[in-house]
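>>> curious how this folds, go ahead:
(one chain, ligands or ions: 2)
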Amino acid sequence: MTKVHIDNLVRRYGALTVLDRISLDIEDGEFIVLLGPSGCGKSTLLSAIAGLDDVQGGRISFDGRDVTKLEPSRREIGMVFQSYALYPTMTVRTNMAFALKVAHADKAEIKERVTWAANLLQIGHLLDRKPGELSGGQRQRVAIGRALVRRAKLFLFDEPLSNLDAKRRTEMRKEIKSLHERLGVTFVFVTHDQIEAMTLATRIAVMNAGVIQQIGTPD
Ligand code: ADP
Ligand code: MG
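Numbers count the residues shown, from 1 in each chain. Ligands and ions are numbered 1, 2, ... in the order given. Okay, the predicted model is just below:
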């Protein structure tokens with residue numbers, strides 16, 4: 001499991017301060033939701049945790065180890081993007097295996113992990129299709145599967161359900177919650193949807209204009 005410690009994090013774009021000395025502790029195995037309006041800095045904060053973006057001040061550590069300067073591939077996280085970011089010319093299987101191939105995992109290991117994630121997400125029958133041949137909900141599952149195969153201890157989700165229709169969204173919410181319970185790892189989930197936050201979170205951090213305004217349990 002991974003405990004995340006964020007200390008006085010600052011991200012600026014020119015004169016605009018997007019993360020204004022954010023401090024946040026994320027506990028092992030919790031499901032924390034970052035809730036806030038569009039433009040408040042949620043994606044920027046996730047990118048900083050993932051190491052996909054530079055910061056101008058502050059520190060991030062995982063389990064006591066400073067990762068502020070560590071490159072993304074060495075942070076051992078799984079990330080699911082709002083746009084899914086699947087490779088359109090690759091099959092579902094290849095999309096899911098890609099990060100493991102890049103990391104030179106052996107073939108049997110890759111196959112085992114892809115099968116495991118595909119079963120968990122019930123997409124085993126879609127492995128030979130391309131993303132263009134899938135529904136929005138199916139693409140979303142593949143995007144989650146691609147993050148799962150890394151067997152990370154920390155998963156970051158950036159508004160993963162916002163492109164789904166209401167019915168699929170409710171369905172995927174339940175699945176994501178059950179996935180969290182089954183995996184027992186740490187989930188950080190970004191949304192601007194209060195109901196989503198209330199149904200998923202063990203704890204909610206309410207963000208506004210680059211700061212965390214409130215933090216607590218859904219109750
Ligand atoms: P959220 O995910 O909460 O909608 P973001 O983290 O994407 O918000 O953006 C926070 C703020 O940072 C917004 O005001 C946005 O315009 C600004 N921002 C994000 N990316 C850039 C960028 N590459 N250049 C300049 N400003 C940016
Ligand atoms: Mg965003």
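>>> please make it C-alpha for all contacts and neighbour counts, starting now.
Noted.
>>> quick one, longest helix in the protein?
When every helix of the chain is counted residue by residue (DSSP state H), the longest turns out to be helix 166-183.
>>> which residues does that helix contact?
Residues outside helix 166-183 that contact it (C-alpha atoms under 8 Å, 6 or more residues apart in numbering): 31, 137, 161, 162, 186, 187, 196, 200.
>>> repeat the analysis, applying 10 Å as the threshold.
Outside helix 166-183, the residues that touch it by C-alpha atoms under 10 Å, 6 or more residues apart in numbering are 1, 29-31, 120-121, 136-138, 140-141, 144, 148, 151-153, 155, 160-164, 184-187, 196-197, 199-201.
>>> residue 187 is in contact with residue 157, isn't it?
Yes - in terms of C-alpha atoms under 10 Å, residue 187 counts as a neighbour of residue 157; the distance is 7.6 Å.
>>> residues shared between the contacts of these two?
33, 78, 79.
>>> in TSV, list the residues you listed along with neighbour count, secondary structure and distance to residue 64.
Below are those laid out as TSV (neighbours: other C-alpha atoms under 10 Å; DSSP: H, G, I helix; E, B strand; the rest coil; distance: C-alpha to C-alpha, whole Å):
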residue	neighbour count	secondary structure	distance to residue 64
33	28	strand	22
78	22	strand	19
79	25	strand	21
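>>> which one of these is nearest to residue 104?
Using C-alpha to C-alpha, residue 78 comes nearest to residue 104 of the shared contacts of residue 187 and residue 157, at 17.2 Å.
>>> and the gap between the closest one and residue 8?
Relative to residue 8, residue 78 is positioned 24 Å away (C-alpha to C-alpha, to the nearest Å).
>>> returning to what we had before: and the contacts of helix 166-183, which are buried?
Among the contacts of helix 166-183, those classed as buried by 16 or more other C-alpha atoms under 10 Å are 1, 29-31, 120-121, 136-138, 140-141, 144, 148, 151-153, 155, 160-161, 184-187, 196-197, 200-201.
>>> please flag which of the residues you listed sit within strands.
Counting by DSSP state E, these place 31, 155, 186, 187 in strands.
>>> could I get these as a markdown table with distance to residue 114 and pLDDT?
Formatted as a markdown table, those follow (distance: C-alpha to C-alpha, whole Å; pLDDT from 0 to 100):
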| residue | distance to residue 114 | pLDDT |
| --- | --- | --- |
| 31 | 24 | 98 |
| 155 | 17 | 95 |
| 186 | 21 | 96 |
| 187 | 20 | 97 |
